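K.L.:
What would the 3D arrangement of this be:
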Amino acid sequence: MKFIYHGINTNLPVDRLSDLLLHPTTKTISIDVETVSLIDKTIIGIGIAISPTDSFYCPIYPITSEIIDQVYLLTTRSDITKIYHNANFDIEGLRQYAISHNLPEPDIWNIADTNLMANNAALPPDLYTLGRDLLSDYSLFTIPSLFAEARTLLQKRNVTMLDIELDKVALKCCNDVRTTFRLYEEIPKHPHWNDRVAECYKVDLELTSWLKIIQRKGFKLDKTEVNNKYNELILKAEILEDWSEEEGFSISSNQQVGMALANSGIVLPLTKTGRQLDTSEEVLEKVDHKFARETLEYRGIRKTLSTYIEPYLNSERAYTNFRLDLSTGRLASFDRNLQNIPSDLRSIFSPDNNIFSYSDMSQAEMRTFAFITQDPVMIKAYEDGISIHEITFKGIFPNKIYDKSTADYVTAKSFNFAMIFNAADGTLSQRFKIEQKLASQIKRDWLALYNVGHQWMRTMINTNYQCYCGCGLTFVEDIFGRKMLLPDLFRGQKHIDTCKISYTIQGSVASANKRALLYTMKTDNPDMRLQVHDEFIVDGYYEFRKELNEIFKGLYIPFENKQAAKWS
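P.N.:
Residues are numbered from 1 along each chain as shown. Next comes the predicted model:
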């Protein structure tokens, strides 16, 4: 077998179809890979469309196409534009196939991504919904629907794509690649699309290619430090386990933790099943009892061990992957989320070139909020070189001496970040562990201090961002013109109102950060190893350019340069 074909040319002989597949005349194809599952990313087949009407599926498992390597080599050609729907996932799968079969790696530069196109234009990013809503294509079906059918047919709970009939896998994949090809042509015709959206998409697409290079380098691990951290955390965990046994319960057992708290007079809610007491993190954080506090600490230690230490005990390097498909467009790390590694664990990484250079955006969210709202108090503070946190401290604690070492300063600083994202009174009370009455008072003081910023927030909340084209979607824009789809109504109006504010700020910061990263890579191509929210880490000595400080004209966000033998 060479392939399974779906399209309008079913009357053509196989050899003619093979020639069309292997020698695409338009130099544009769409590609989709089918994997065993989302967890097991072993490729079981490659789908290719050479037009919106002609698609091919070349299986690898359970049978292998006679021309699979020739088909795969199409993905390596830089003269062919390769359209993906989630290039990040498909390219990584193709790369693993290439490594295991001693083939050249897929091209990462001449690509397109309809998922990123949709995400930048505030369109539903999943292929099924896009096909239905933009193309009126109801032939698509999802992997969950295939799995549900297979579970019923096979009477198995856990199924993979290997449990699906080959013809159905082929049909799904062929439908997907034809739809992807059509979306590539149709999304730029949508009313949401304009020159600014196109520029935002171009940034994301270029960055996708650079991130593939960055994430393959990884960090060298300091084995001695990894072992030291492991022993240190294991000792802390064992001490807490011994302590809990002395108290008459096992701290590693949710059920026993619940019973111990109940026996101490703490009333806990039941889990959703109603079978035991709820000892989730959300519940325990509200409980003022030593058992709850120690349990949370124990779980944190165990999570740190399982996530960041134990996987590296026998490893030489630490790797992660990146994605760009979050609602705000923020760069996210997955498969070992190194963006969220605790700061006290960063010492497990060592530079290959003797030193790390790192730089982060100073008060990016606060400066962006000030720029967008044009709040005069904030603007003047930045013009005068005064910290916004100092202004807030003096505004909400007028009778106290300003001191950065005090808990009140931490509260003022944290309140700034919480408020620009429209935190509710209850959230502030819980987060800062203060009475809700006090949280409400501090919030009122903050809103009065930054009154113009407050009025902007009210305007954002009270504005109906229903799309003008009649599609029924709602979105806000960042300062670069990227459109961000707001959540559905089932999430609640309060959540939507908060997102109107937070998406605008976070999306603007994310867009500035991505452009700063892209500028750095295209200008100097330093040995970049990681992006952590507002921070870049380079292996070796590097001075980040001053041009990064004003990526968007008029918005000044300084990048602070640092060098050290360890990233801290």
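K.L.:
Only C-alpha atoms from now on, for both contacts and neighbour counts.
P.N.:
Will do.
K.L.:
what residues are up against the residue positioned nearest the centre of the chain?
P.N.:
In the chain, the residue lying closest to the centroid (Cα atoms, centre = their mean) is Ala332, at 3.2 Å. Neighbouring residues of Ala332 by Cα atoms under 8 Å, 6 or more residues apart in numbering: 322-324, 326, 339, 533.
K.L.:
Regarding it, what are the backbone dihedral angles?
P.N.:
Note on Ala332: its backbone torsions stand at phi -120, psi 150 [degrees, to the nearest 10].
K.L.:
Renumber starting at 8 from here on
P.N.:
Yep, numbering from 8; the last one is Ala339 now.
K.L.:
Now the helix or strand bottoming out on mean pLDDT in the chain - C-alpha only, CSV.
P.N.:
Each helix and strand of the chain was given a mean pLDDT (mean pLDDT, DSSP states H and E); the minimum falls on helix 432-439 at a mean of 83. C-alpha atoms of helix 432-439 as CSV (Å, rounded to 0.1, in the frame of the first residue of the first chain):
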residue,chain,number,x,y,z
ASP,A,432,-12.4,41.7,47.6
GLY,A,433,-12.6,38.0,48.7
THR,A,434,-9.6,37.1,46.5
LEU,A,435,-7.6,39.9,48.0
SER,A,436,-8.6,38.8,51.5
GLN,A,437,-7.6,35.2,50.9
ARG,A,438,-4.4,36.0,49.1
PHE,A,439,-3.0,38.4,51.6
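K.L.:
Which other helices and strands does that helix contact?
P.N.:
On a contact count with 3 or more Cα pairs under 8 Å, 6 or more residues apart in numbering; DSSP states H and E, helix 432-439 meets helix 414-426, helix 443-456.
K.L.:
who's in contact with that helix?
P.N.:
293, 418, 422, 425, 441-443, 445-447, 450.
K.L.:
on that earlier part again, of the contacts of Ala339, select the buried ones using a ChimeraX command.
P.N.:
Of the contacts of Ala339, the buried ones go into a single ChimeraX selection, burial set by 16 or more other Cα atoms under 10 Å:
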select :329,330,331,346,540
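K.L.:
Now for the contacts of Ala339: which two are most distant?
P.N.:
The largest separation in these, counting by Cα to Cα, is between Leu333 and Gln346 at 14.6 Å.
K.L.:
which residues does Gln77 contact?
P.N.:
Leu29.
K.L.:
List the contacts of the closest residue to Asp410 other than its chain neighbours.
P.N.:
Distances taken as Cα to Cα, 6 or more residues apart in numbering put Tyr416 closest to Asp410, at 6.6 Å, once the chain neighbours are dropped. By Cα under 8 Å, 6+ apart, the contact set of Tyr416 is 396-397, 400, 409-410.
K.L.:
let's see it at 10 Å
P.N.:
396-397, 399-401, 404, 408-410, 422 (Cα atoms under 10 Å, 6 or more residues apart in numbering).
K.L.:
what does Ala105 give?
P.N.:
So Ala105 contacts 76, 79-80, 83, 99, 111-113 (Cα under 10 Å, 6+ apart).
K.L.:
May I see the buried residues of the helix or strand where it lies?
P.N.:
Taking DSSP states H and E as the definition, one finds Ala105 inside helix 94-107. For helix 94-107, burial by neighbour count (16+ other Cα under 10 Å) applies to 94-105.
K.L.:
could the helices and strands packed on helix 432-439 go into JSON lines alongside mean pLDDT?
P.N.:
What follows is the helices and strands packed on helix 432-439, written out as JSON lines (pLDDT from 0 to 100):
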{"stretch": "helix 414-426", "mean pLDDT": "86"}
{"stretch": "helix 443-456", "mean pLDDT": "88"}
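K.L.:
Just send those back as CSV, with distance to Met266 too.
P.N.:
Formatted as CSV, the helices and strands packed on helix 432-439 follow (distance: least, Cα to Cα, whole Å):
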stretch, distance to Met266
helix 414-426, 34
helix 443-456, 29
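K.L.:
I'd like to know which of those is closest to Pro383.
P.N.:
helix 443-456 (10.2 Å).
K.L.:
The helix or strand following the closest one versus helix 443-456: what angle between them?
P.N.:
Using DSSP H and E, the helix or strand that follows helix 443-456 in sequence is helix 458-469. Relative orientation of helix 458-469 versus helix 443-456 (axes from the mean of the first three to the mean of the last three Cα atoms, to 10 degrees): 110 degrees.
K.L.:
Please enumerate residues in contact with the following helix or strand past helix 458-469?
P.N.:
Moving toward the C-terminus from helix 458-469, the next helix or strand (DSSP H and E) is strand 482-484. If you take Cα under 10 Å, 6+ apart as the criterion, strand 482-484 is touched by 127-130, 199, 204, 335, 467, 471-474, 489-494, 506-508, 510-512, 514-515.
K.L.:
What pLDDT does the model give Phe363?
P.N.:
Note on Phe363: pLDDT of 97.
K.L.:
Distance-wise, check the closest residue to it other than its chain neighbours relative to Ser369.
P.N.:
Leaving out its chain neighbours, the residue that sits closest to Phe363 by Cα to Cα, 6+ apart is Asp546, at 4.9 Å. Computed as Cα to Cα, to the nearest Å, the Asp546 to Ser369 distance reads 21 Å.
K.L.:
Then Val43?
P.N.:
44 Å.
K.L.:
and if you look at Tyr389?
P.N.:
In terms of Cα to Cα, Tyr389 sits 12 Å off from Ser369.
K.L.:
tilt between the longest helix along the chain and helix 414-426?
P.N.:
Selection of the longest helix in the chain by residue count, based on DSSP state H, yields helix 500-530. Computed by the same axes, to 10 degrees, the angle separating helix 500-530 from helix 414-426 equals 90 degrees.
K.L.:
ok, then the element right after helix 500-530?
P.N.:
Next along from helix 500-530, by DSSP H and E: strand 535-539.
K.L.:
and Thr314, what does it touch?
P.N.:
308, 342-345, 348.
K.L.:
Show me where the stretch 308-457 of the chain has its strands.
P.N.:
Listed in chain order, the strands of the stretch 308-457 of the chain (DSSP state E, counting those that start in this stretch) span 324-325, 328-330, 339-341, 356-357, 363-368.
K.L.:
May I see the ones you listed organised as a markdown table, with distance to Phe559 added?
P.N.:
As requested, these are exported to a markdown table (distance: least, Cα to Cα, whole Å):
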| stretch | distance to Phe559 |
| --- | --- |
| strand 324-325 | 34 |
| strand 328-330 | 23 |
| strand 339-341 | 22 |
| strand 356-357 | 33 |
| strand 363-368 | 13 |
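K.L.:
Compare those and give me the one nearest Val264.
P.N.:
Comparing those under Cα to Cα, the one sitting nearest is strand 339-341, at 31.0 Å.
K.L.:
That closest one pairs with which strands?
P.N.:
strand 328-330 (antiparallel) (DSSP bridges).
K.L.:
Name the surrounding residues that touch the strand it pairs with.
P.N.:
Against strand 328-330 from outside (Cα under 10 Å, 6+ apart): 93-96, 99, 211, 215, 218-219, 221-223, 225, 336-346, 537-538.
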